[in-house]
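Asker: Structure of the sequence below:
(2 chains)
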Amino acid sequence: MIAKLFSFVFLISSLIYSQVDNKLVVNSINSDELRSIISNRGDKFLLVNVWATWCIPCREEFPDLVKLFNKYKSDLDIIAISVDYPEEVEGKVIPFLNEIEVPFPVFVSRFNKDSELIELLSNKWNGALPGTFIYNKEGIQIKFLEGKQSFEGFSSIINDL
Amino acid sequence: MHSSKNIVVIALAVLLIGSFNLTGNSDKPAEIKKYDNFSLYDFNNTLHSLNEFSDKEGIVLMFISTKCPVSNAYNSRMASLHQKFGEKFSFVGINSNKQENVAEIKKHSENNKLNFVILKDSSNVIADKFSASVTPEIYVLNNNLELLYQGRIDDSRKEDNVQELDLSNVLGEILEGKKISIAKTKAFGCSIKRK
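Answerer: Okay, the predicted model is just below:
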């Protein structure tokens, strides 16, 4: 219960804090915080998207994630985790996010190593970006998608849940 | 007396069956992945076949990119590894990214002192054959073109944070005639942009 509350507060505060004074802020996320969000689902599915500003397919996919969230937000949480370096948030991540008005929390990875993030999310994932992981309401991963997806592709998966 | 003989026979039988099982499990050879020879042009329009690099202790194939920041973060490390191990191993770069042309590859190689052959895989046929998906991604082969190691160069994009020198360790183990302790790691980087 406490973990669920922590996870909920973490997600909400990320969202609220990220839009305070119309200034977008991207918080960092570590292994424990990501595990907590995944395992304490409440009554929504969760889509985790891993991306980077230097990844062109990720940038192309991002607007479709926004459309997806706007259509399914009553049943679906989305979080995006950038693997840009934390020191690149101000110069690269935020300017990109400002272009597309992101309505869901975006974090920058604070994992010690890229391999830790990869292993936490899926054994099947080799680390190619973008990577998308969908969890059910019990926090169990039900879908892993490697590479750029379309809004239609995402929608068809969400409709089947 | 009979019963003690029986016990000995049964015990021997159990030991034998056990040893067959144990032998069967522990000696089972790992599946060896062997690649076919292939030919590609380098950025000077010279045709190379993979077999021509089979005259050292092995071949280090590196899928690399001119634009990917992760691959570029490894330029100096790739140059150092080539300098350290280039006499013993053939280093071969492969660029399979559709949007990176040979002129760019040549300039990038010169600017970053990547003094090894870099082949252009224009239709990403070789990337597909190796199932290479990111840059940088490494394949170490023996001279029979059998896979010895697949994965990353080391465990951090940031050189200061490196703790595991995976590729360097593998090459060292090969030179020392040791069994490769970690034959597969996950390469992290930019997706290879295919046609």
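
Asker: Residue numbers of chain B in contact with chain A?
Answerer: With the criterion set to CB under 8 Å from any CB of the partner chain, chain B comes near chain A through B:68-70, B:133-134, B:155-158, B:161, B:185-191, B:193. Every residue, glycine included, has its C-beta placed from N, CA and C.

Asker: Just the terminal-to-terminal distance for stretch B:98-118.
Answerer: 15 Å (CA to CA, to the nearest Å).

Asker: ok and the residue in chain B nearest chain A?
Answerer: B:Phe188 (3.8 Å; CB to the nearest CB).

Asker: For stretch A:52-64, what is the distance to the chain centroid?
Answerer: Put simply, stretch A:52-64 sits 13 Å off its chain's centre (CA atoms, centre = their mean, to the nearest Å).

Asker: before we move on, what about stretch B:143-157?
Answerer: 2 Å.

Asker: Neighbours of the residue lying closest to B:Cys190 once chain neighbours are set aside, how many?
Answerer: Nearest non-adjacent residue to B:Cys190, counting by CB to CB, 6 or more residues apart in numbering or on different chains: B:Cys68, 3.6 Å away. Using other CB atoms under 10 Å in any protein chain shown, the number of residues around B:Cys68 comes to 23.

Asker: Could you double-check that B:Cys68 lies in contact with A:Ala52?
Answerer: No. Counting by CB atoms under 8 Å, B:Cys68 stays clear of A:Ala52, with 10.1 Å between them.

Asker: which stretches of the chain form helices?
Answerer: Went with chain A since none was named. Per DSSP state H, chain A carries helices over the ranges A:2-18, A:31-39, A:56-72, A:94-100, A:114-121, A:151-159.

Asker: Let me rephrase: I mean chain B.
Answerer: Going by DSSP H, chain B shows helices at B:2-26, B:69-73, B:75-85, B:102-111, B:125-130, B:166-175.

Asker: Okay, now the unreliable bits of chain B?
Answerer: B:1-30 (pLDDT under 70).

Asker: Grab the most central residue of it for me.
Answerer: For chain B, B:Tyr139 is the residue whose C-alpha lies nearest the centre (CA atoms, centre = their mean; 2.0 Å).

Asker: That one: what's it in contact with?
Answerer: B:Val60, B:Leu61, B:Phe63, B:Phe130, B:Ala132, B:Leu147, B:Tyr149, B:Gln150 (CB atoms under 8 Å, 6 or more residues apart in numbering or on different chains).

Asker: between these, which is nearest A:Leu145?
Answerer: B:Ala132 (19.4 Å; CB to CB).

Asker: contacting residues around that closest one?
Answerer: B:Phe63, B:Ile94, B:Ser96, B:Ile126, B:Tyr139, B:Ile192.

Asker: What about these, which are in strands?
Answerer: Using DSSP state E, B:Phe63, B:Ile94, B:Tyr139 are the members of those that sit in strands.

Asker: The first one pairs with what?
Answerer: In this structure, B:Phe63 has the following beta-bridge partners (DSSP bridges): B:Ile94, B:Glu137.

Asker: burial of it, as a residue count?
Answerer: 26.

Asker: pretty sure it is touching B:Glu137, no?
Answerer: Yes. Taking contacts as CB under 8 Å, B:Phe63 lies within contact range of B:Glu137: 4.5 Å.

Asker: How about the contacts made by the closest residue to A:Lys73 other than its chain neighbours?
Answerer: Closest residue to A:Lys73 apart from its sequence neighbours, by CB to CB, 6+ apart: A:Pro103 at 7.6 Å. If you count contacts by CB under 8 Å, 6+ apart, A:Pro103 has them with A:Val66, A:Phe69, A:Asn70, A:Lys73.

Asker: coming back round to it: tell me the contacts of the residue nearest to B:Cys190?
Answerer: Neighbour list for B:Cys68: A:Trp54, B:Asn97, B:Thr135, B:Pro136, B:Gly189, B:Cys190 [criterion: CB under 8 Å, 6+ apart].

Asker: and if you look at A:Val83?
Answerer: By CB under 8 Å, 6+ apart, the contact list for A:Val83 reads A:Val50, A:Trp51, A:Ala52, A:Val108, A:Ser109, A:Asp114, A:Leu117, A:Leu129.

Asker: so the third one makes contact with A:Phe62?
Answerer: The reference is to A:Ala52. No. Counting by CB under 8 Å, A:Ala52 sits too far from A:Phe62 to count as a contact (10.9 Å).
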